[in-house]
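1. Got a sequence here, can you build the structure:
(one chain, ligands or ions: 2)
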Amino acid sequence: RTVYLKDYQPPAYLVDEVKLTFRLAPETTRVLSEIRFRPNPDAASRDFFLHGEQLKLISASIDGTPVEPELVEGGLKLDAPDAAFTFAAEVEIDPEHNTALEGLYRSNGMYCTQCEAEGFRKITFYPDRPDVMAPFHVRVESDLPVLLSNGNPGERGDGFAEWHDPWPKPAYLFALVAGELVAHSDRFTTRSGREVELNLWVREADIDKCAFGMEALKKSMRWDEEVYGREYDLDVFNIVAVDDFNMGAMENKGLNIFNSSAVLASPETATDADFERIEAIIAHEYFHNWTGNRITCRDWFQLCLKEGLTVFRDQQFTGDMRSHAVKRIDDAMTLRAMQFREDNGPLAHPVRPESFVEINNFYTVTVYEKGAEIVGMLRRLVGEEGYRKALDLYFDRHDGQAVTIEDWLRAFEDATGRDLSQFGRWYSQAGTPRVHVTEDWADGRYTLTLRQETPATPGQPDKAPQVIPVAVGLLNPNGDEVVPTTVLELTEAEQSFHFETLSARPVPSLLRGFSAPVILKRQQSKEERAFLLAHDTDPFNKWEAGRDLARDGLMAMVLDGAGPDADYIDALGRGIADEGLDPAFRAQLLALPGEDELAQAIFETGRAPDPTAIFEAREALRRAVAERLGDVLGRLYETHQIDGPYSPEAEDAGRRALTNAALSLLSLTEGGDRARAQFRAADNMTQQIAALSALLSIEEGAAELKAFEDQWSHERLVMNKWFGLQVARATPERAAATAEALTRHSAFEWKNPNRFRAVFGALAGNAAGFHHPSGAGYRLLADWLLKLDPLNPQTTARMTQAFSTWKRYDETRQGLIRAELERIAGTEGLSRDTSEMVGRMLAD
Ligand code: ARG
Ligand code: ZN
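-> Ligands and ions are numbered 1, 2, ... in the order given. Take a look at the predicted model:
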């Protein structure tokens, strides 16, 4: 059954107050509810329907009189009064056997919940839709020592705890946790003087991994006050770490629940990348308190309203905490690797989709990351001040409401006077716009002509022109900037922009800062690229110039049998040796375009990419870089080592990123001694795993792999790395076999989503291994997806995306993948989640 945006109807009844009592028992939890309903004056219908799934109804009443509701598919119906009334019910649920990790479930003996998007209906009968908002009173009864829910704590006694959340919220923000947990605690005083108790709840063994997350939380709270003027609004803020969780984390009001991998960190167990990611996710969930919770979505089609905005906010935060240039490059790499891939395949959908079968399938990079890009473009178009005015108006106007993208855009229009009707197409049109660039130079006048075109996507054959902010700067031939960054607004299918009175033909630096999520199509000479790599004042485009050179070189190697491009390597050598540049940025210069990115680029030239050839070209180029730049890499490795204790701060992390990028290249020519020495000396996970990774890449490191396992077998999060790295670093021939062998390892707990993803996410990410012509990778993944689907549809459906690029490849591979997709699609009892995903990939 498909749900359509156009069918939205306001709820027949609103809720004024909710009281819930939980009597916790592993297989027989009782949930008692008392819900104050009132007819919605803005609704035409008086049909009373409550969502409910997998619930055993024990009893129900209206205003104290027992009733027998009609149980229907997905919920219950009743004849309800046309006036305010209280509906009460008692239901029984089974958290112990809830393997889908949605609703109330158990993880290592601890009770926890995940309700977004539609999990609350597995807890009790309720209008489980985000436009029904109410204050909640919750009583939890259990002998477990820690009993948590949303809001402020109320009465607490032997075997029970009460919680009151005064802020009206939709059911998807409900949360409950009960377990044997300990807290890492702190305090925060808000700008207006509210004293907030902060707790990070974990299992006792993890108490040494909380300090960083807590600091990140306090930084986030301060930042949102300073940058957005948003304060926290309860007396306590609780975060809980859970091992079994389908995604990263969840912003439940006052009680954020985190995948333990997204919050727990110590220098010994977490890498620099983990620390940065944790800081960003803590910030993300905290920022949802205003963008998501105080102002929420009218319906799930509006998901990007909270997610795109909150991702944009966490990106700004990370930029402020670390480096804006480095963060922008990282975000662009992710967007291109993941969102462009989605946008250019069978799963392409608008940032605001118009229909879905299972909403969990739409928590996508398009909704999140392209959604964030749209907010960034808006900010660029209206300016920093306009953006702040618009956000103030948005918060002011919609606090306590469930709203739409139209409301969001109207706040910008009203605050800035700008007409955003055409801009709105960014939300409704799927696909990545291509911007073709041509130049003209005559009589001191330089003309840039931009033409936009967006390829067809499923259900959207024709696209109208979008508003594309193209940030441009011009350099003169000796490398000085003659026109500083200006934003060209491309609104037509084709448009020309003129720059007058220039003394020489300039070199343009286009789409600075990656000012729009588009693909630039432009003929550009190698010399010009090397010139921009050396001289561009925009750090993003400086990096981009190197990236373009690398990509062109690699494509020539794959498609024309060319050798490694010595000019590129020399330009790269000058870049990484430039001590005026941030080490983190120089590490990014060293990162070659990924195999998947190259596959897409080759596909766009009209040819079927050969994953093996792409893998080999990248390896050959890496080896050539190592050979030609060995001296400079060796010097960087030595001079950027850090003495003294580990700190996850950006500066040290940047140095480690650079030395470890160097290490991985140096190992190709020198062998494993340097990496083995680093492995032995390492006192932190970043150094340890980088050394192990370098060794595995050259098919050494068996002893270190074993030592690592012995050292870390008691740490689930570290063991995820151990599982994943072996698959990621396996040669194309060995990838599927390595993954298969690991599934037989005694620590392969396949029901744990992190562990499952560690192995199969790594397999899907090992492009040449996954797409090995034997088809072994495809078969193995499909086998395991079919095994997981009955237990955990959400994680299964998400991981089917490994197959989403199948139409790029040659007939043999397409045939092999089609067979697996059809085998999955044809399986009896397949979940709605997985069947939607596979169906979309098989549809033409
Ligand atoms: N709202 C959460 C976040 O972005 C993610 C929830 C994901 N839910 C899902 N069903 N996939 O922080
Ligand atoms: Zn979010």
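2. and the closest residue to ligand 1 within the chain, how many neighbours?
-> With C-beta to the nearest ligand atom, the shortest gap between the chain and ligand 1 falls at Tyr363, namely 3.7 Å. C-beta here means a position set from N, CA and C on the backbone, and glycine is covered the same way. Counted with other C-beta atoms under 10 Å, the neighbours of Tyr363 add up to 18.
3. Quick check: the gap between it and Thr113.
-> Distance of Tyr363 to Thr113, computed by C-beta to C-beta, to the nearest Å: 17 Å.
4. hmm, back to that, so who does the residue of the chain closest to ligand 1 touch?
-> Residues in contact with Tyr363 (C-beta atoms under 8 Å, 6 or more residues apart in numbering) are Ala117, Met247, Leu303, Glu307.
5. among these, which two are most distant?
-> The distance between the two most remote of the contacts of Tyr363 (C-beta to C-beta) is 13.2 Å, for Met247 and Leu303.
6. ok, those two, which is more surrounded?
-> Counted by other C-beta under 10 Å, Met247 and Leu303 do not tie: Leu303 has more neighbours, with 25 against 17.
7. that older thread, could you check how far the residue of the chain closest to ligand 1 is from ligand 2?
-> In this view, Tyr363 and ligand 2 are 9 Å apart by C-beta to the ion, to the nearest Å.
8. what about that residue, distance to Ala681?
-> Counting by C-beta to C-beta, the gap from Tyr363 to Ala681 is 41 Å.
9. cool, Val326 as well?
-> Val326 is 27 Å from Ala681, where distance means C-beta to C-beta.
10. ok, back up a step: now do the phi/psi pair for the residue of the chain closest to ligand 1.
-> Here is the backbone geometry of Tyr363 (degrees, to the nearest 10): phi -90, psi 80.
11. where does it land on pLDDT?
-> You'll see Tyr363 listed with a pLDDT of 98.
12. Also Glu384?
-> Listed pLDDT for Glu384 reads 98.
13. How about Thr796?
-> Among the per-residue scores, Thr796 holds a pLDDT of 98.
14. okay but it is in contact with Glu836, surely?
-> No. The pair Thr796 / Glu836 is not scored as a contact, 11.5 Å apart, by C-beta atoms under 8 Å.
15. more neighbours, those two?
-> Thr796 (25 against 21).
16. does ligand 2 sit close to the lengthiest helix in the chain?
-> Looking across the chain with DSSP state H, the single longest helix is helix 371-398. No. Remark: helix 371-398 sits outside contact range of ligand 2, by C-beta under 5 Å from the ion, the gap being at least 10.0 Å.
17. rewinding a little: can you pick out the residue with more neighbours from Val326 and Ala681?
-> Between Val326 and Ala681, counting by other C-beta under 10 Å, Val326 is the more crowded of the two (25 against 11).
18. and Ile569, what is it in contact with?
-> Ile569 neighbours (C-beta under 8 Å, 6+ apart): Ala624, Val625, Arg628, Leu629.
19. how about the residues of the chain that lie near ligand 2?
-> Contacts of the chain with ligand 2, taken as C-beta under 5 Å from the ion, map to Glu307, Thr310.
20. residue boundaries of the helices in the stretch 51-200 of the chain?
-> Shown for the stretch 51-200 of the chain, no helices are assigned by DSSP state H, counting those that start in this stretch.
21. wait, what's in contact with the closest residue to Arg522 other than its chain neighbours?
-> The shortest distance from Arg522 to any non-neighbouring residue, by C-beta to C-beta, 6 or more residues apart in numbering, is to Val437 (4.1 Å). Going by C-beta under 8 Å, 6+ apart, Val437 touches Leu448, Thr449, Leu450, Leu510, Leu520, Lys521, Arg522.
22. Surely the second one is within a strand?
-> Yes. According to DSSP: H, G, I helix; E, B strand; the rest coil, Thr449 belongs to a strand.
23. Hmm, it is touching Val435, no?
-> No. Applying C-beta under 8 Å, one finds Thr449 not in contact with Val435, separated by 10.5 Å.
24. Which one's more surrounded, the two?
-> Set side by side, Thr449 and Val435 show more neighbours around Val435, with 20 against 14, by other C-beta under 10 Å.
25. Can you dump the C-alpha atoms of stretch 455-472 in CSV for me?
-> Taking C-alpha atoms only, stretch 455-472 is exported to CSV below (Å, rounded to 0.1, in the frame of the first residue of the first chain):
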residue,chain,number,x,y,z
PRO,A,455,18.4,13.8,-16.2
ALA,A,456,15.1,11.9,-15.9
THR,A,457,14.6,10.0,-12.7
PRO,A,458,11.9,7.4,-11.8
GLY,A,459,8.5,9.0,-12.2
GLN,A,460,10.0,12.3,-13.4
PRO,A,461,10.8,12.3,-17.1
ASP,A,462,11.0,16.1,-17.5
LYS,A,463,12.6,18.7,-15.3
ALA,A,464,12.2,22.4,-15.1
PRO,A,465,15.2,24.8,-14.5
GLN,A,466,16.2,25.2,-10.8
VAL,A,467,17.7,28.2,-9.0
ILE,A,468,21.4,27.3,-8.9
PRO,A,469,23.8,29.6,-6.9
VAL,A,470,27.1,29.3,-8.7
ALA,A,471,29.9,31.0,-6.6
VAL,A,472,32.6,32.2,-9.0
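26. May I see the buried residues of that stretch?
-> For stretch 455-472, burial by neighbour count (16 or more other C-beta atoms under 10 Å) applies to Pro455, Thr457, Gln460, Lys463, Pro465, Gln466, Val467, Ile468, Pro469, Val470, Ala471, Val472.
27. One more: stretch 509-528?
-> 509-520, 524, 528.
28. As JSON lines, those residues with secondary structure and distance to Pro130 would be great.
-> Below are the buried residues of stretch 509-528 laid out as JSON lines (DSSP: H, G, I helix; E, B strand; the rest coil; distance: C-beta to C-beta, whole Å):
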{"residue": "Ser509", "secondary structure": "strand", "distance to Pro130": "43"}
{"residue": "Leu510", "secondary structure": "strand", "distance to Pro130": "40"}
{"residue": "Leu511", "secondary structure": "coil", "distance to Pro130": "36"}
{"residue": "Arg512", "secondary structure": "helix", "distance to Pro130": "37"}
{"residue": "Gly513", "secondary structure": "helix", "distance to Pro130": "34"}
{"residue": "Phe514", "secondary structure": "helix", "distance to Pro130": "32"}
{"residue": "Ser515", "secondary structure": "coil", "distance to Pro130": "32"}
{"residue": "Ala516", "secondary structure": "coil", "distance to Pro130": "30"}
{"residue": "Pro517", "secondary structure": "coil", "distance to Pro130": "26"}
{"residue": "Val518", "secondary structure": "coil", "distance to Pro130": "31"}
{"residue": "Ile519", "secondary structure": "strand", "distance to Pro130": "34"}
{"residue": "Leu520", "secondary structure": "strand", "distance to Pro130": "38"}
{"residue": "Gln524", "secondary structure": "coil", "distance to Pro130": "47"}
{"residue": "Glu528", "secondary structure": "helix", "distance to Pro130": "50"}
